[in-house]
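In: Fold the following and give me the result.
(chains A and B)
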Amino acid sequence: MEVTMAMFVTKRLLMALATVLVVAVLAFLLVHAMPGSPGAVSLGAGASQDAIDQLNQSLGWNDPLVVQFFRWLGEAVQGNFGNSLIDGRSISSDLANRLPVTASLAAGATVLSAIFGIVLGVTAAVRGGFLDQLIGGFVGILVALPAFWIGVIFVYLFAVQSTVFPATGYVPFEVSPRDWAMSLALPVITLAVGGAAFIARQTRASMLEALQQEHIRTLRATATPTWKILYVHALRYASLPIVAGIALQFIGLFGGSVIAEQLFAMPGLGQAVQTSVSTHDAPAVQGVVVIATVVVVAVNLVLELVTKFLDPKLRAS
Amino acid sequence: MNLLTSPARRSAAVLAGALLLGSLSACGGGSAATSSVDKSTLTIATDSDSASFGYDPLRVSDAQRQFFEGLYENLMTLQPDGSVGPGLAKEFSYSADNTVLTLTLKEGVTFTDGSTLDAALVKANLDRRSDTALSAYSAIAKGGAQEIATVDVVNPAQVAITFAKAQPGFEKNLTSTLGMIVGKNAVTDTASLATTPDGSGPYTLDSATTVKGNKYVFTKNEKNADASKYPYNKITFSVIMDPQARANALVSGQADVASLTSPTVDFAKSKGVGVSQIGGTVQTMISFDKTGKSSPAFASEKVRQAFQYAINRKALVDALHKGDIPAWNALPKDSAGFTEELNSTYAYDPAKAKSLLAEAGYADGFDFTIIASAQTQTDLQAVQKDLAAVGITMNVKLAASTDEAFAAVATTPLGYAPMGWDNPVGLMYGAILSGFTNVQKATDDQLNAATAEAAAAKDDAAKKTALTKLNTRLVESGWMIPLYESLTNQGYNTTKVQQVKYAGSNVYPLLSSYAPTN
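Out: Just a heads-up that it's a prediction; the model follows:
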């Protein structure tokens, strides 16, 4: 059993590595397919062709693609993504500063959406009737609302009208945990609204199916406490698609945080990629793409492991 | 089906309530607006990242002067009334033929690298002018109308700048980023400026709390002799690109001062925020091609004039830029060269545009492509309709890359950009007669003469006459096709900051001009 699990984890790890490698190659090729060259970007519009050629030469831009890729990969695996073409700063240290912002946003919004989504979904499935319809209607509206619009409304209500929360900015946790939470409040809630609605729907459907299962009926007949039937047995049975939904939420929020980052002026990865693309800073774009891929692949890996743990059939296979 | 027993229902309700309260309490309970006011700190919300190219002041234009004013000192300084005053150069004088400008330097100026100011350092700075990456130096580079031929050390305290042609009034240029001086280490190792500023300004960068692209924190540089003129011990530049988010930050207390776009001004005012406004930025189409190289039609002055008549400026402003001013003048309303005559001479007249096109041999119209950015696309689409009505097909193409946007000056006949006219002679020589808007090297004797006249003007009357000629010819020749004059708005928290003042007609307030209310 342990050997099987170890093999499973090894296989998945290898697949994850392969996925990251493929994305790294694609990102590398995409950057090379972009018009212009690092020399032209770095030196600006007025630069002479000689100066551009010279800089390209010194950056190794004229080397064969394979040589360039492996040189970049060799550095990347050591955590060095090179320097920005625009200001020469280390891309790795910039990413290290920005990752916690986006991770806080995505993780916070995922946790919040999971909690509210599950509570709403379970309640709708269990209570049925009018409450189910009410929650269904409510969730339908939330799913349809664009995050940007929700953010604008929240800012107006809670930052402009009542000034409960700050409208913009991000305070690192190490500076002030309280201000960190305050700065994350509105963006996290903004991102969580749509996610909660999605998870609520997923949970409701899964719970309805779970509640029909024979072992649940048996438990009811044996006078097992209802909360235990619902939140331990039925929810566990229903958990596979819910967990998958939560993981998808995290992945979506991690990549989609650019809206919240722009609206709330937060220095995250979304803002970085927006700036890098607009300034044609190819190495910076490449760095963000690879880091985002690593996060997504890691989340998927964890999802698979959790799924295997939750599903006895998969665990045995 | 109802599987929940009463205790279970209560548990669920308690759980839901606890989660709701938890989520809210986790978010804190304080209020940004009620936090104590720290008069030692000023937070300025800006619409762009001034240090996106690092901390080399010569890589940016005057639009970023306010930011770099904190870190560096200028050879000459812009005064609150818009005039030119002493800076690192305490005195200046011109040779009789105005070809040599001699600067006498201040003593006791120390840079963050420990080096001190002398004539050799100023020469080393200005000798970087051949570096094409330095936008601020493009105006004085070799071949330009304001070319600096040589920079010579007269003695440790005096430096002589020799121009290729007479340049009376050049000292005004030294108040922009062009006149900022970096320390010895930075001149020797210019790449270091990508990450580390090296200036003698009233503030130094606090790298520990600065987050690139998001916020830049300046702390007072006590070694600077003029530091006391800057009231705040700490200044934070907060980069908030979204206009509404910037206004929100100001209203809710995260920023003390913010640049506002016209559509957010009313909102800010309604929340009790003060707003200072100034005109001076003319949003204008620029004929990059006056020789017909990229589009033969543009070689004809009549065709370029047809554009002036074909565009309905008032409709454009009413539809897209409420609060701004339709413009038929190339120079702004407050400029000495502004003339009401142009407003009526070139009033909207599509029939006249058609007849000019016919006279130029384009009765059936012609087509060309213009490269747009995300910011200019909507305006250009509005103009596109007006042009189509007179037979000109303007294809609007969104720039696929920064390279494409830059290259447009050489590959397309027309462009669109904001123009600030605080220093008309500098702008004419640096960007219009030569420089990036005239890659095809077109010439216009009247424009040359009017610019030279403005440069040589000794008094206000002479200046007005020269600038009026310049303005009129820019429009008549179709080198400039002005659309509207946009207002620059600075919102400020009235309980914390005094009314924001502009330095003369310069649209970027001096950093030293911000002051606490008490």
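
In: A:Leu208 and A:Ser257, how far apart?
Out: Here the criterion is CB to CB, to the nearest Å. By it, A:Leu208 lies 32 Å from A:Ser257. In short, each C-beta sits where N, CA and C put it, glycine included.

In: now B:Met241
Out: With CB to CB as the criterion, B:Met241 and A:Ser257 are 16 Å apart.

In: which residue sits closest to the residue sitting nearest the centre point of chain A, ignoring its sequence neighbours?
Out: The C-alpha lying nearest the average C-alpha coordinate of chain A belongs to A:Phe254 (CA atoms, centre = their mean; 2.3 Å). Closest residue to A:Phe254 in three dimensions, ignoring its sequence neighbours and counting by CB to CB, 6 or more residues apart in numbering or on different chains: A:Ala106, at 4.2 Å.

In: from what I can see that neighbour touches A:Leu248, true?
Out: No. Counting by CB atoms under 8 Å, A:Ala106 sits too far from A:Leu248 to count as a contact (11.9 Å).

In: Which of these two has more residues huddled nearby?
Out: A count of neighbours by other CB atoms under 10 Å in any protein chain shown puts A:Ala106 above the other of A:Ala106 and A:Leu248, at 27 against 18.

In: I'd like the average pLDDT over the helix or strand where that one lies.
Out: In this assignment (DSSP states H and E), A:Ala106 forms part of helix A:91-127. Confidence for helix A:91-127, expressed as mean pLDDT, is 90.

In: can you pull the buried residues of that helix?
Out: A:91-92, A:94-95, A:97-127 (16 or more other CB atoms under 10 Å in any protein chain shown).

In: same deal with stretch A:277-292?
Out: A:277, A:279-292.

In: what does that stretch rub up against?
Out: A:20, A:23-24, A:27-28, A:31, A:34, A:36, A:38, A:41, A:72, A:76, A:81-86, A:91-92, A:94-95, A:99, A:254-255, A:269, A:272-273, A:275-276, B:52, B:401-403 (CB atoms under 8 Å, 6 or more residues apart in numbering or on different chains).

In: pLDDT below threshold where in the stretch 351-500 of chain B?
Out: Applying pLDDT under 70 to the stretch 351-500 of chain B picks out residues B:401-403.

In: mind listing the helices for it?
Out: Shown for the stretch 351-500 of chain B, the helices assigned by DSSP state H, counting those that start in this stretch span residues B:377-389, B:402-411, B:424-427, B:445-456, B:460-476.

In: Need the winner for burial among those.
Out: Looking across those with neighbours counted as mean count of other CB atoms under 10 Å in any protein chain shown, the highest average goes to helix B:424-427: a mean of 24.

In: Can you name every helix or strand that it contacts?
Out: Of the remaining helices and strands, those touching helix B:424-427 by 3 or more CB pairs under 8 Å, 6 or more residues apart in numbering or on different chains; DSSP states H and E are helix B:445-456.

In: so what's A:Val297 up against?
Out: So, once contact is read as CB under 8 Å, 6+ apart, A:Val297 ends up touching A:16, A:19-20.

In: and the residue lying farthest from the centre of chain A, what helix or strand is that in?
Out: Relative to the C-alpha centroid of chain A, counting by CA atoms, centre = their mean, A:Asp50 is the outermost residue, at 43.1 Å. A:Asp50 belongs to helix A:49-59 when elements are defined using DSSP H and E.
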